[in-house]
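Novice: structure of the sequence below:
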Amino acid sequence: MPRKLEIEDIDRFVMASHPQLSPDGGSLAYVVTRAEGDVYVPTLYLVDPSDGSPKKYWEKARNPVWSPDGSQLAFVSNRGLNEGEKGAEIWVTTLSGEPRLVCKAPGGIELPAWSGDGGSIYFLSYVGEEPKDARVIDHLPFWYDGVGWTHYRRKHLHIVDVVSGMVKQLTEGESDVTCHAPSNKGKKVAYAISETELAPRETTLYVLDSEKGDCRKILEKYSVASLGWSPGDGLLYFSGSDLRRGYQTHTTVWVIPPIGGEPTDLTGRLDRGSGRVVYNDLRSQYAGSPNPIWDVDRIYFPLSDGGGYAIHSVRPEDGEIAKVISGNFCVEEFSVRGGVVAYTRTGVAEPMEVYVRKGKRDTRLTHLCDAPLAEAPMIDADHFMFEASDGANIEGWLIKPYGWREGKSYPAIFDIHGGPRSKYGYAPMFEHQIYAAEGYAVVYANIRGSDGYDLDFADIRTRYGTRDYLDFMEMVDHALGAYVWIDQTRIAVTGLSYGGFMTNWVIGHTDRFRCALSQNSICNWVSFFGTSDIGFHFGPDQLGGDPWSNPETYTEKSPLNYAKSVKTPTMFIHSINDNRCWIDQSIQMYTALRYLGVETKLILYTEGSHTFRNLARTTIRKRRLHDMVDWFNCHMK
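Specialist: Below is the predicted model:
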């Protein structure tokens, strides 16, 4: 008999990522990440894409990249590093031979990509020596979430000769390279670099021709997230934005001649973004980004639409757009060869699996999570829509408690996603499933500011705590009216990051909730400006101005300003290495409530970045879930 899900089950869910079809389409590589003790270990698999039959596998291997002729497969690993040694390695293998080490990089390895002739591999790596006795800082940001201290190092483009292992650094200076793409022919490489210290989202696009020794600037002041070349190298394409509406601007697909000129936005008319920002706490820490791919005469690109994340394609020649793969699910990553698409896919109650689409037929190749789901199934969500008071349609979901029975009342937890330019959707949240297993209804929605909808819906700059707050409270009203079995006297609010900000805001403006749980939150925009890795540019973009030119808004939009109105018992949790929303945010809010006599608790986890919910060691992840469940149980059972 199936049982309810338990926190300890998190170790049993393995995570697929990086599906990569070989150039001839005859093989498929993908990565499976498993928890082994307190460590996540990636294994690279090679299978037949027609039926998933195995060919080979390599342990401690991730980020697979095929050589242009398909004869070799490169991957990133730490298999050859000594204990305590920092960095990463590039290994290369033939399909019949054993892997061999090509190079080590003390600054790590990101975005490996083969040169067009198959003789070299380009990659990004940090350059700089960490100080021993004192940190002398003269640059912003001085740290970055998930990376750590960055004031002494910069991320630069490198190239390594596959045969000799000789590494050459191609860029230098005090700026970070954000992405790159080698040409299919010749010795050219395009790369984007963040050159403006106080506006790091703005990038400059260069094309380096190593044969001619020429480096040409072809675009500036755009945000470029990924790059690629057309098959004949006649065009560059990129995912990015012109930032015309700040950081809320949709990420879309553009093309530009490699000699420069005016870029063309191919997908902007869809009024949807391409970024993967759907919440999924069973995503591998080694997962890549679902970047656009030019195959034959079309560019395949992801599209965030409502709660789904789909694949569309556009023909650059005439701009014609077609749906490729879409439905009530989220595509996580994909690869395309000759119109065949290999991709990973999720649902609310379906962790990541690998699929192949050929023609109109989908074949599921993996059954990685069948065993744990057979023993302890996840609960699918009810989908709902309601009309907000200003006429906008708001999309939401509700997961019923484990063992739900008609005629019985149940408590409910209302969860708010981060971002705000993020979203909930058709992707698994183990955290939500644990709440449901504990007997709670879990309710969540994409309120104003969320991704997956038009730009006017997404853009809440300068309006934090207004329309988004109304949407959330109206969503609560709708859920209580539509699901009459929810006990209105036993409801809680929670959220992480922007969701933590909103939790702090909610408790300062209503005492409707039995308890609250604020996670890695923001409570004070002034201190956030000075401590967050993005505060000095995100704050001005979202609120308008800075703490000196616009002190009224920075105060008005800070939940700490309303602490005296709080009556709701509230717990604050925070990971100590969170450089996005620094620990001072939870500490300040906790101190205020404690001083004012409100029941409160603060838990600081001794490690973990802003996204430690799904990236921390399993011991920390389990401890966090136990702490959260205990808080809700204490106040609602």
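
Novice: so what's the residue count around residue 211?
Specialist: Per other CB atoms under 10 Å, the neighbour tally for residue 211 reads 8. Every residue, glycine included, has its C-beta placed from N, CA and C.

Novice: please work out how many residues are found near the spatially closest residue to it that is not a sequence neighbour.
Specialist: Distances taken as CB to CB, 6 or more residues apart in numbering place residue 187 nearest to residue 211, at 4.6 Å, with adjacent residues excluded. Neighbours of residue 187 under the rule other CB under 10 Å: 17.

Novice: isn't residue 187 right next to residue 213, touching?
Specialist: No. At 10.3 Å, residue 187 and residue 213 do not qualify as touching, with contact defined as CB atoms under 8 Å.

Novice: how about the spatially most central residue of the chain, phi and psi?
Specialist: By CA atoms, centre = their mean, the mean C-alpha position of the chain lies nearest to residue 277, the distance being 5.2 Å. The phi/psi pair for residue 277 (degrees, to the nearest 10) reads phi -130, psi 10.

Novice: look up the closest residue to it, ignoring the ones flanking it.
Specialist: In space, residue 277 is closest to residue 422, 4.4 Å off (CB to CB, 6+ apart).

Novice: same check, this time on residue 235
Specialist: residue 255 (4.8 Å).

Novice: check residue 496 too.
Specialist: Closest residue in space to residue 496, ignoring its immediate chain neighbours: residue 519 at 3.9 Å, by CB to CB, 6+ apart.

Novice: quick one, what contacts that neighbour?
Specialist: 494, 495, 496, 497, 499, 500, 503, 572, 573, 574, 613 (CB atoms under 8 Å, 6 or more residues apart in numbering).

Novice: tell me which of those is nearest to residue 219?
Specialist: Closest approach to residue 219 among the contacts of residue 519 (CB to CB): residue 497, at 30.9 Å.

Novice: distance check, the closest one against residue 504.
Specialist: According to CB to CB, to the nearest Å, residue 497 stands 11 Å off from residue 504.

Novice: who has more neighbours, the two?
Specialist: residue 504 (31 against 23).

Novice: which parts of the stretch 351-500 of the chain are strands?
Specialist: For the stretch 351-500 of the chain, the strands defined by DSSP state E, counting those that start in this stretch occupy 361-364, 382-387, 393-399, 410-416, 441-446, 486-496.

Novice: wait, I meant the stretch 151-300 of the chain
Specialist: Using DSSP E, counting those that start in this stretch, the strands of the stretch 151-300 of the chain run over residues 154-161, 167-169, 176-182, 188-194, 203-209, 214-229, 236-241, 252-256, 264-265, 293-295, 298-305.

Novice: distance from the fourth one to the middle of the chain?
Specialist: The one in question is strand 188-194. Remark: strand 188-194 is offset 22 Å from the chain centroid, using CA atoms, centre = their mean, to the nearest Å.

Novice: partner strands of it and their direction?
Specialist: In the sheet, strand 188-194 lines up against strand 176-182 (antiparallel), strand 203-209 (antiparallel) (DSSP bridges).

Novice: send the alpha carbons of that strand over as CSV?
Specialist: Only the C-alpha atoms of strand 188-194 are listed here, as CSV (Å, rounded to 0.1, in the frame of the first residue of the first chain):
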residue,chain,number,x,y,z
LYS,A,188,35.9,33.2,-34.3
VAL,A,189,34.2,33.4,-30.9
ALA,A,190,31.5,35.7,-29.8
TYR,A,191,31.2,36.7,-26.1
ALA,A,192,29.3,39.0,-23.9
ILE,A,193,31.0,40.9,-21.1
SER,A,194,29.5,42.9,-18.2
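
Novice: residues in contact with that strand: which ones?
Specialist: Applying CB under 8 Å, 6+ apart, the contact partners of strand 188-194 are 122, 157, 159, 170-171, 175-183, 200-210, 224, 227, 229, 233, 236, 238, 258.

Novice: got the angle for it vs strand 154-161?
Specialist: Here the directions of strand 188-194 and strand 154-161 differ by 170 degrees (axes from the mean of the first three to the mean of the last three CA atoms, to 10 degrees).

Novice: list the contacts for the residue nearest to residue 277?
Specialist: 277, 278, 279, 450, 451, 498.

Novice: same question for residue 343.
Specialist: 19, 311, 325, 331, 332, 333, 334, 335, 354, 355, 356, 357.

Novice: could you do residue 57 as well?
Specialist: Residue 57 neighbours (CB under 8 Å, 6+ apart): 43, 44, 45, 46.

Novice: could those go into JSON lines alongside secondary structure?
Specialist: Below are the contacts of residue 57 laid out as JSON lines (DSSP: H, G, I helix; E, B strand; the rest coil):
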{"residue": "43", "secondary structure": "strand"}
{"residue": "44", "secondary structure": "strand"}
{"residue": "45", "secondary structure": "strand"}
{"residue": "46", "secondary structure": "strand"}
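
Novice: quick check, nearest of those to residue 436?
Specialist: residue 43 (30.6 Å).

Novice: verify the contact between the closest one and residue 61 for me.
Specialist: Yes. Contact criterion CB under 8 Å: residue 43 and residue 61 qualify, at 6.7 Å.

Novice: the two - which one has more neighbours?
Specialist: Set residue 43 next to residue 61 and count neighbours by other CB under 10 Å: residue 61 wins out with 25 against 16.
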